[in-house]
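Chemist: The following comprises the amino acid sequence and a computationally predicted model.
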Amino acid sequence: MRLKLYRLIFFISIFIMMSALSCGKAANEKPKDAQKQADEQAISINTAKVEGRSIKRVVETAGTLMPWDEVVISSEIGGTIEEMLVDMGDKVNKGAVLLRLDQREAKLNLEIAQKTLDKNRVQLQEARNNLRRSKDLYEKGIISASERDNIQTQHDIADAQMAQSESALNLAKKKFEDTIATAPIPGEIKKRHVSKGESIKDKVPLFVIVRTDPLKFYGTIAEKFSPQIKVGQNINIQVEAYEDKTFSGRIERISPSIDLETRTLTIEAMIPNSKGMLKPGFFAKGIIATITENNVPFAPEAAIYSSLGITKLFVIADGIAKEKNIKLGMKEGSMVEVANDIKAGDTVAVTNLTQLYDGARVKVEEQKTEASK
C-alpha cells in the first residue's frame, strides 16, 4: 500500500515538473512569435537622406524697357525748312545739327543789329569823352551847370541806346541760332514730324530723340517681396527676341509706395545696351538675387507624396515612419526644397509611399548599387 502511494507521489511530481517546463517554454517562445509577426507586418521601403544645400533667393519681376531719355525737339521760331540732315533711326551725338531753316532773314537782322551796336558804341564813346571834358570845363568855370547837365543827359541816352542795341544783337543771334535745330542728347531719331521745304510755325514738334544706351527697365514685384529689394542690387532680364541671352543691370530707383490696385511695388533698373540689341518697348522678365541661405533642406522628388491637396513626406527613425506635412520651394535637378520641420540629414522614405501612414513600422530594404547589380 505504501509502495503504491510512493509511486503515485512520484508520477504526480514528474507531471508537475513537465507542466512547468512546458509553460516556461511557451512563455519564452511567445515574444519571439510576436516579434516575428511584427517584422512580417513591417512595410518594406527604400530610403534617402535629406541634403543641406546653399541657395540664392531670387525675386521675379516683369516689366517694359524704356529709353533712358526721350526728348521732343520743337522749333523755336517759324520759317521754311531749307535742309534736313537726319531721319528716323539715325544715331546722333549731342549737339549734332538735325535741320536748318531758311536763314536769310535771320542773318540780315543779325547784321543790322551788329551795325547798330557798332554805331551806338561809337556814340557812347563820344558821349563819355564829352562828359569827361564837361566836368573839367565846369570846374574851371568855362561852362555853366546846365550845360554840364545837358552833356550828362546825352551820355545817359547814349548809354541806354548801347544797352538796347546789345540786347537787340543778343536777340538777333538767338533767332539766327534758332534756325538750326540740334540734338540736346546723344541717341537715335525715334520720329521725324516735318519735311524739307515745309513752312512751320514756332513751337512745332520736329523730332523725337531717344537715348537707348542705357535703357530703363520699369518692372513690378509682389508686395510681400518689397523688404528684400534694395537700390544697387543686380538684376538679370530676358526678352522674347533673345530667349537664349541674359542682360544684366542694376536697380536705380524704387517706388516709395505700393500700388493699391495691383498690390505691387514699382522698380527702375539701368540696363546697359552698348550693342543696341535691346529696343525700347520690349517686354522683359527679370530675376533679382536677394540673399544666400545655407544648409537649406532638399529632399528627393521620389520622397514627395501628395494626397487630397496635402503635400507630405515620411521621415524614418527607429523603424517608424513619421508623417510630415511640408511646403515645397526651389527645384534643383531631382531634388526639391522642403520646409516645415524638416532638416538636413533626416532619413526619408522614397518607395511604397501610398502604403505608409504616421506611426507605420517599416523595414528598410538594402539598396543595390550599380556594382552589385
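Modeler: Structure received. Residues are numbered from 1 along each chain as shown.

Chemist: tell me the contacts of the spatially most central residue of the chain?
Modeler: With distances taken as CA atoms, centre = their mean, I235 lies nearest the centre of the chain, 4.8 Å away. Neighbour list for I235: T61, F217, S248, G249, R250, I251, A269, G286, I287, I288 [criterion: CB atoms under 8 Å, 6 or more residues apart in numbering]. (Each C-beta comes from the backbone N, C-alpha and C, glycine too.)

Chemist: So G89 lies in a helix, does it not?
Modeler: No: under DSSP: H, G, I helix; E, B strand; the rest coil, G89 sits outside any helix and is assigned coil.

Chemist: can I assume A158 sits in a helix?
Modeler: Yes: read with three-state DSSP, A158 is one of the residues of a helix.

Chemist: Could you report the separation of it from S144?
Modeler: 21 Å (CB to CB, to the nearest Å).

Chemist: Which one's more surrounded, these two?
Modeler: A158 (21 against 11; other CB atoms under 10 Å).

Chemist: what's the closest non-adjacent residue to the more buried one?
Modeler: Ranked by CB to CB, 6 or more residues apart in numbering and with sequence neighbours excluded, the top spatial neighbour of A158 is A127, at 3.9 Å.

Chemist: which ones are touching the one you found?
Modeler: I151, Q154, H155, I157, A158, D159 are the contacts of A127 under CB under 8 Å, 6+ apart.

Chemist: And the helix or strand harbouring I221, what does it pack against?
Modeler: Element membership of I221, judged by DSSP states H and E, is strand 205-222. Counting contacts by 3 or more CB pairs under 8 Å, 6 or more residues apart in numbering; DSSP states H and E, strand 205-222 packs against strand 51-74, strand 97-101, strand 187-192, strand 264-271, strand 283-300.

Chemist: Next, the angle from the last one to strand 264-271.
Modeler: Think strand 283-300. Calculated by axes from the mean of the first three to the mean of the last three CA atoms, to 10 degrees, strand 283-300 forms an angle of 110 degrees with strand 264-271.

Chemist: Give me the buried positions along strand 283-300.
Modeler: A284, G286, I288, V296, P297, F298, A299, P300 (16 or more other CB atoms under 10 Å).

Chemist: what are the bridge partners for the fourth one, then?
Modeler: Translated: V296. Beta-bridge partners recorded for V296 (DSSP bridges): R53.

Chemist: Enumerate every residue touching it.
Modeler: G52, R53, S54, I55, G329, E337, A344.

Chemist: Of those, just the buried ones, PyMOL syntax please.
Modeler: In PyMOL syntax, the buried subset of those is picked out as below (16+ other CB under 10 Å):
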select buried, resi 55+337
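
Chemist: Need the contacts of V296 in TSV (columns: distance to V350 and pLDDT).
Modeler: Listed next are the contacts of V296 as TSV, based on distance: CB to CB, whole Å; pLDDT from 0 to 100:
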residue	distance to V350	pLDDT
G52	18	92
R53	18	92
S54	23	89
I55	22	88
G329	19	88
E337	17	93
A344	16	92
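
Chemist: I'd like the contacts of V296 as JSON lines, with distance to A317 appended.
Modeler: Shown next, in JSON lines, are these (distance: CB to CB, whole Å):
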{"residue": "G52", "distance to A317": "18"}
{"residue": "R53", "distance to A317": "22"}
{"residue": "S54", "distance to A317": "26"}
{"residue": "I55", "distance to A317": "26"}
{"residue": "G329", "distance to A317": "23"}
{"residue": "E337", "distance to A317": "22"}
{"residue": "A344", "distance to A317": "15"}
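
Chemist: between the contacts of V296, which is nearest I304?
Modeler: Set against I304, the nearest of the contacts of V296 by CB to CB is E337 (10.9 Å).

Chemist: now the closest one, what's its secondary structure?
Modeler: Classification of E337 by three-state DSSP places it in strand.

Chemist: and the residue nearest to it when sequence neighbours are not counted, what is it in contact with?
Modeler: Spatial nearest neighbour of E337, excluding adjacent residues (CB to CB, 6+ apart): G329 at 3.2 Å. G329 sits next to V296, V336, E337, V338, A339 when contact means CB under 8 Å, 6+ apart.

Chemist: sorry, back to before: whichever of the contacts of A127 end up buried, select them in ChimeraX.
Modeler: The ChimeraX selection below is limited to those of the contacts of A127 classed as buried (16+ other CB under 10 Å):
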select :151,154,155,158,159
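
Chemist: For E365, state which of the contacts of A127 is nearest.
Modeler: Taking the contacts of A127 together and measuring to E365 by CB to CB, the closest member is D159, at 110.6 Å.
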